[in-house]
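**Student:** I'd like to go over a predicted model; first the sequence, then the structure.
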Amino acid sequence: MEKRVTFSRWTIGILFAVPQLLLIFTFFYWPAGQAVYWSLTLQQPWGGGNIWVGLDNFRSILSNADYWNSITASLIFAGISTGLAMFIALVLAALTDRQLAGSRLYRVVLIWPYGIAAPALALAFRFILAPEAGFMAVVNQVWPGSWDPGLDGTDAMASIIIAFSWKYVGYNFIFFLAAFQAIPRSLIEAAAMDGSGVVRRFWDIQFPLITPTIFFLLVINITESFQDSFGIVDIMTSGGPANATNLMVYKIYSDGFRGLDYSGAAAQSIILMLLIIVLTIFQFRFIERRVHYR
Amino acid sequence: MASITIRGVKKNYAKTQVVHGVDLDFASGEFVVILGPSGCGKSTLLRMIAGLEDISDGTIAIDDTVVNKLEPRERGCAMVFQNYALYPHMSVAQNIGYSLKVSGVPSAERSQRIQAVARTLELEQLLDRKPMALSGGQRQRVAMGRAMIREPKVFLFDEPLSNLDAKLRVQMRSEIRKLHRRLNATSVFVTHDQVEAMTLADRLVVMNGGRVEQVGTPGEIYSRPASRFVATFVGAPAMNILEGTVELDGLSLLGGSRRLAMARAGLPVGTKVAMGIRPEAVRLVAPGTPGALSAAVDLVEELGAGRVIYVDLDGAPFSVMTSEAIHPEPGSTVGLKISPEDMHFFSSETGSRLDVFKASVSEPAL
């Protein structure tokens, strides 16, 4: 029998819950509620009250081609960077799991990128991927003009995807490696005795058994790629060139604090929130079915 | 069916050697049990046969083919693991049929063979279940089925019954035995449980500290243990050992308090020897019977069919097993009678059996 502490009076229970409830209310429900309210009003840029405008903010955003361009860019960014970060981490973890020599070192070294603040790593990648100096300058010397994130939208998008994936490879790797190591050795050996080779064993035994981890990381990576990309975009491209990397989270900032369109920015943040909620629900409804829980 | 030939096999992990040169021959269709305490290298030896461990030195051949460098799947062995190692995400049918799926057997034939195996093991009702929804005994049978379906040349069992409760273990033991009689595949079974070993084996290999101590039928191992280790490891309760020293006309035991009259058989005076007597070979007699040892009873363990009587023999612990209706009280004195043919002698130095010595016992009792 599990031991449980029980309180005869419900007030004690409430008292214990109050600090956490206060925190959640102050830092989540209140700002979110404010954002909903602002999104339904027109906020004066210099202060001095606001006017109720209903859904006008949403109408004007959703009829703006720039905004749809931002949604498309965000989805492309989320899809490719999640795929890249998860695939590379999966391969690294699978290889590390097979040959354990030095894996303790990898584990430590590979978690570091996740600890680096997005602007810091963005600055590093800005130098690494600069067209006039650094690694990509060599490519430009061979094929002049082939790489310039400052002029070419695709190059810019590739740059922020690389930077973001680099950060999340480390994060994903730790989870994947832990998942692989949680699979009993004897299962792999049994499969080997059953005549299954390395690749076959991976797909038949290891992969199905780490699906809970894959699913968890998918949800986290997609969510983070919508939110955690801000610092990288801000330092590396500032949304350019020609809005090619103006992701939703960056557009909220630039429209709100540069364009001083508070109400439009609030409406955009509501849309971003809804998009993430919908994506997460979608993943739980349709992808989780394929997950094998032990 | 296949024979297995093991020649000079060693296993090193980094700097420590865990198997120190093993030579064994398993005949085709034989049921061999490798018995030993934990850490004696028995599982390592089995895993080297399976191909799950590299062989550091020596060769292992299955049917005259040296398999040292072959992958597990190329060796034609099937293995039953201690923790069953069932694939948790596959149904019972998928678990059993996995090896056929890997080798590309068409699904119609596959399900036919799964059905056949399931019938043998009485798993037909459970084919759609996941391993998690099975009891220990059922999981064990699925693991057996997974090994059987490939019709392997060699069956390897790595302590497959140690996770089962006592009753199931006895039941599975006889099922494994029956199965072997039917399939007649060469089987190597590793265990630390001597009852399992004695009951299952055609031939028993006793290992200790990475070396083979003795190879023989269970009867041979029991009646003529090749070393002191085998003598005390096989048999329950364990064989009694009395330390002694060779004298001019006999053997001085228990620090000189008892003497055994016998010819010296060429052993120099002063040689340390150990005398072993199985508890079940000792007869209880009335104290004071001529030629009997007298000893004080310490403790009586009731086993139902008999009892184990622990006595104090001049300060040395000694046990006696009897099935007669004798119930001595702790503290009372009993007489013990031992026949010379039940005495085993081992060198105290090397632990090996001294056969010459035993034959020379001239006086029937102590």
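**Tutor:** Nice, I can see it.

**Student:** switch to C-alpha atoms for all contacts and neighbour counts from now on
**Tutor:** Fine.

**Student:** Looking at stretch B:105-124 now, give me its mean pLDDT.
**Tutor:** Mean pLDDT, taken over the full extent of stretch B:105-124, equals 90.

**Student:** Buried by neighbour count: which residues of it qualify?
**Tutor:** Within stretch B:105-124, the residues that count as buried by 16 or more other CA atoms under 10 Å in any protein chain shown are B:R110, B:S111, B:R113, B:I114, B:Q115, B:A116, B:V117, B:A118, B:L121, B:L123, B:E124.

**Student:** Next up, the contacts around the last one.
**Tutor:** The neighbourhood of B:E124, defined by CA atoms under 8 Å, 6 or more residues apart in numbering or on different chains, consists of B:Q115, B:A118.

**Student:** how about 6 Å then?
**Tutor:** B:E124 makes contact with B:A118, according to CA atoms under 6 Å, 6 or more residues apart in numbering or on different chains.

**Student:** Tell me where the model's unsure across chain B.
**Tutor:** B:1, B:263-265, B:356-366 (pLDDT under 70).

**Student:** Contacts for the longest helix along it, please.
**Tutor:** The single longest helix within chain B, with elements called by DSSP state H, is helix B:166-183. Under the criterion CA under 6 Å, 6+ apart, residues B:L161 lie in contact with helix B:166-183.

**Student:** The residue nearest to B:Y84 when sequence neighbours are not counted - how many residues pack around it?
**Tutor:** Beyond its immediate neighbours in the sequence, the residue positioned closest to B:Y84 (CA to CA, 6 or more residues apart in numbering or on different chains) is B:A143, lying 5.6 Å away. Neighbourhood size, B:A143 [other CA atoms under 10 Å in any protein chain shown]: 25.

**Student:** The helix or strand B:A143 falls within: what's the following helix or strand?
**Tutor:** If you go by DSSP states H and E, B:A143 is part of helix B:136-148. Elements were assigned by DSSP H and E; along the chain past helix B:136-148, the next helix or strand is strand B:154-158.

**Student:** quick check, that following strand touching chain A?
**Tutor:** No. Contact between strand B:154-158 and chain A is absent, the nearest approach being 10.4 Å (criterion: CA under 6 Å from any CA of the partner chain).

**Student:** Just the C-alpha atoms of that strand, please, in CSV.
**Tutor:** What follows is strand B:154-158, C-alpha atoms only, in CSV (Å, rounded to 0.1, in the frame of the first residue of the first chain):
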residue,chain,number,x,y,z
VAL,B,154,22.0,-26.3,-30.4
PHE,B,155,19.8,-25.1,-27.6
LEU,B,156,21.4,-22.8,-25.0
PHE,B,157,19.8,-22.1,-21.7
ASP,B,158,21.1,-19.4,-19.4
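
**Student:** Just want the angle from it to helix B:136-148.
**Tutor:** If you take axes from the mean of the first three to the mean of the last three CA atoms, to 10 degrees, strand B:154-158 sits at 150 degrees to helix B:136-148.

**Student:** Distance from the chain centre to strand B:154-158, please.
**Tutor:** Using CA atoms, centre = their mean, to the nearest Å, we find the averaged C-alpha position of strand B:154-158 to lie 15 Å away from the chain's own average C-alpha position.

**Student:** Contacts for that strand next, please.
**Tutor:** Contacting residues not belonging to strand B:154-158 are listed as B:C77, B:A78, B:M79, B:V80, B:F81, B:Q82, B:A185, B:T186, B:S187, B:V188, B:F189, B:V190 [CA under 6 Å, 6+ apart].

**Student:** What is the most widely separated pair among the buried residues of stretch B:105-124?
**Tutor:** Using CA to CA, the two most remote members of the buried residues of stretch B:105-124 are B:R110 and B:L121, lying 16.6 Å apart.

**Student:** Chain B: helices as residue ranges?
**Tutor:** According to DSSP H, the helices that chain B contains are B:42-50, B:92-102, B:107-120, B:136-148, B:166-183, B:194-200, B:218-223, B:228-233, B:355-359.
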